[in-house]
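K.L.:
here is a sequence with its predicted model. Questions after.
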Amino acid sequence: MFKDVNEKLLDHSHLKPGQNASLLSYDKTIHMYRENVKKTNDLNIQCDFAIFLVEAAKRSNRSSISRNDDKRVTIHKYIVEAEKLLKQVAMRGHSEGQYYLANMYAAGLLKINNNNQHVGDFDKAFPLFVQSAKKHHPDAAYRTAKCYEDGLGTRKDKAKAFQYYRKAATLNHPGAMYRLGLAEMKGELSLSRNVRDGHKWLKRSAEAATAQYPHAIHELALLHEKGLESVIFQDHKYALTLYHEAAVLGYAPSAYRLGCCYEFGKLGCTIDPVLSIHYYSLAAEQQHPEACFALTAWHLVGIPKVLLPSDGQAYFWALRAAQMELPKAEYAVGYFLEMGIGVPTKDVDAAMVWYQKAAEHGEKRALQRLQPFNDNKKKQQRKSTKYEKRKSYSGTSSSYVSASTDTSFPTMTASSAPNIVVNSVNSAQATMNKPTISKRRSFISISSRSNSQSSFIQKASSLFRSK
C-alpha cells in the first residue's frame, strides 16, 4: 500500500552535523534531524523528515526481536509525530505530503480494530488522494481511480474511475496505463471493447514498467504468445523476450512461465532443466503456488550432476503449494503421506485429510483415492454392528468368548484395526495402473532406488505434473 521511499530518505546528509554523523545512534540522529527541521519552513524538508520517521518506525518494527512496551511506545511516537507534521504540510497544499499521509491512513498505520489489528481508514485517505491528484501527483491520481473503482472511502463510480485512470496515464503512470489497457480490451469501466486502443495502452505501460508495475509486460507476452484477432500478431520469440523482461523485474507469473518453457521446450526454447529450476525458484520465492509445485517434480527425479533426487524437498515444496490451496498439490501431499514419500512414516489419516481438501477444491483424483477408504470404513462399521448384535444375544461370558474366537466372524481389536486400513491401502495401490515416468523426464535415472520406492516416484512424477 505504501509508495516505495528511496533509501536517500534515510541518508544523514539532511543533518549536516559534521563528519561523525554516521557514528551517532539512531535516536540521536532523529533528534538532530528534528532540530534542523524546526529551523526551516521548507515543506519538502518537513515532508522528508515525516517520511523518515515512518520508515524508521517500520524498520524498527521489523528488526525488533522482542517487541517490548518501550519499543512499541517509541514506534507509536514516531508514527504520531509523522502524522502531525504531514497534516501541517498537507494543509499548506504539499502534494507529496498529502499523498503520503493518505497512504498511511490507507495502510492502517493509524487505526487499530478491537482485535489489535491495523485496518485501512479510507474515509480519511480518499479526500487526501483527491487533493493530491488535483495537483497532478501520478500515484495519487491512480489511487483515487482505484478508490472510485472499488468503492473505498467513496461510492463506486466507473466514470470517475476512468477519468482518474486517464489523468494518471497522461502523467505516465504504468499501473494506470495497464488498467486502461485491460479495460479497453475487455470492455470494462463502461468502455466499449477496443482491442487496438487497449494494445496501445499496454505497450505504453510496458515501456514505463517498474518493479512495482511490471504487469503490462507479462500481459503483452501472453497476447503475442497466442495472437488476438487481426490486431496482435503471434510472435513466440517476442513473447519470450517480454517474459524475460518481466522476470528481471521480479514478476512471479513471468518467471513461472519461463520455467515451463525451459522444462518442456515451449516457445522455441531448448529444454534446459537448470534454467527451468532457476525460474521456478524465482517465482516460488514469491509464493507462486504453481512454481512451488513444479519444484516438487524436479526434486523427485533430480538432474544428473546438478540436482540430487530428494523426496524430502519434494514433499516440502508440495506442502508449500498445498498450503496455498492448490488442489493438485493438496492431492500430492496426501499421496506422499499415504505412500511414505518424503516423510518419516506413512500417515494414512493425515493423507485422508489432504485428499478431502483436494476433493473439496475439485480434484477428481482425490475422490478416487478416498473411495476405497470410505468403502472400507463402511465395511468396518457393518462388521462392528454385527458384532454388537451377536454380543447382545450372548447371555453368558462363555458364549461371548466363543463368539470372539470364532474364525468365521473376526472381532475388531486395537491390533487388527490398523492392519485393515493398511491392507486396504496396499490393495488400492495394487489395483492402480502403474504409468511410467513422463517422457520429458526419461533421461533421468532413478534405478538407484528400491523397486517399490521407484514405482511410487514414477507415479508421483507422472501423476502430479501436466504440460
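P.N.:
Yep, that arrived. Keep in mind it's a predicted model, so treat the numbers as computed, not measured.
K.L.:
thought Leu43 was touching Met91?
P.N.:
No - judged on Cβ atoms under 8 Å, Leu43 makes no contact with Met91 at a distance of 10.5 Å. For the C-beta atoms, the positions are set from N, CA and C on the backbone; glycine is no exception.
K.L.:
out of these two, which sits in the busier spot?
P.N.:
Leu43 (17 against 11; other Cβ atoms under 10 Å).
K.L.:
quick check: the more buried one vs Lys226, distance?
P.N.:
Applying Cβ to Cβ, to the nearest Å, the value for Leu43 to Lys226 is 50 Å.
K.L.:
run a quick neighbour tally on the residue lying closest to Phe122 once chain neighbours are set aside.
P.N.:
Using Cβ to Cβ, 6 or more residues apart in numbering and skipping residues adjacent in sequence, the residue nearest Phe122 is Gly153, 3.3 Å away. Neighbour count of Gly153, defined by other Cβ under 10 Å: 22.
K.L.:
SS state for Gly153?
P.N.:
Secondary structure, DSSP: H, G, I helix; E, B strand; the rest coil: Gly153 is coil.
K.L.:
just the helices in the stretch 201-350 of the chain please.
P.N.:
For the stretch 201-350 of the chain, the helices defined by DSSP state H, counting those that start in this stretch occupy 215-226, 236-248, 252-264, 273-284, 289-301, 311-323, 327-339, 348-360.
K.L.:
ugh, wrong one, I meant the stretch 1-150 of the chain
P.N.:
Going by DSSP H, counting those that start in this stretch, the stretch 1-150 of the chain shows helices at 26-38, 43-63, 69-91, 95-107, 122-134, 138-150.
K.L.:
which residues touch the fifth one?
P.N.:
Yep, that's helix 122-134 we're talking about. 90, 95-96, 98-99, 101-103, 105-106, 140-141, 143-144, 147, 152-154, 164, 167-168 (Cβ atoms under 8 Å, 6 or more residues apart in numbering).
K.L.:
what are the phi and psi values at Gly227?
P.N.:
Per-residue torsions, Gly227: phi 80, psi 150 (degrees, to the nearest 10).
K.L.:
that one - how many residues pack around it?
P.N.:
With other Cβ under 10 Å as criterion, Gly227 counts 14.
K.L.:
spatially nearest residue to it (excluding sequence neighbours)?
P.N.:
Nearest to Gly227 is Gln234, by Cβ to Cβ, 6+ apart, at 3.4 Å.
K.L.:
from Leu222, how far out is that neighbour?
P.N.:
For Gln234 relative to Leu222 (Cβ to Cβ), the value is 11 Å.
K.L.:
which one's more surrounded, those two?
P.N.:
Shown here are Gln234 and Leu222; by other Cβ under 10 Å, Leu222 has more neighbours (15 against 12).
K.L.:
the more buried one and Gln287, how far apart?
P.N.:
For Leu222, the distance to Gln287 - Cβ to Cβ - is 21 Å.
K.L.:
same check, this time on Ile45
P.N.:
39 Å.
K.L.:
more neighbours: those two, which one.
P.N.:
Ile45 (16 against 13).
K.L.:
for that one, which non-adjacent residue is spatially closest?
P.N.:
Val37 (6.0 Å).
K.L.:
which residues touch that neighbour?
P.N.:
Residues in contact with Val37 (Cβ under 8 Å, 6+ apart) are Ile45, Gln46, Phe49.
K.L.:
mind listing what the last one touches?
P.N.:
For Phe49, the contacting residues are His14, Tyr33, Arg34, Val37, Leu85, by Cβ under 8 Å, 6+ apart.
K.L.:
state the pLDDT value of the third one.
P.N.:
What that stands for is Arg34. Per-residue confidence for Arg34 comes out at a pLDDT of 89.
K.L.:
and the residue nearest to it when sequence neighbours are not counted, how far from Tyr33?
P.N.:
Leaving out its chain neighbours, the residue that sits closest to Arg34 by Cβ to Cβ, 6+ apart is Phe49, at 7.0 Å. Here the criterion is Cβ to Cβ. By it, Phe49 lies 6 Å from Tyr33.
K.L.:
do you know how far the nearest residue to Leu267 once chain neighbours are set aside is from Lys226?
P.N.:
Nearest non-adjacent residue to Leu267, counting by Cβ to Cβ, 6+ apart: His236, 4.3 Å away. His236 sits 10 Å away from Lys226, going by Cβ to Cβ.
K.L.:
for the two, indicate the residue with more neighbours.
P.N.:
Neighbours were tallied for His236 and for Lys226 using other Cβ under 10 Å; the higher tally belongs to His236 (17 against 10).
K.L.:
thinking that one is in contact with Cys269, fair?
P.N.:
No - the criterion here is Cβ under 8 Å, and His236 misses it with Cys269 at 9.2 Å.
K.L.:
just checking, Ala358 touches Tyr331?
P.N.:
Yes - contact between Ala358 and Tyr331 holds when scored by Cβ under 8 Å: they sit 4.1 Å apart.
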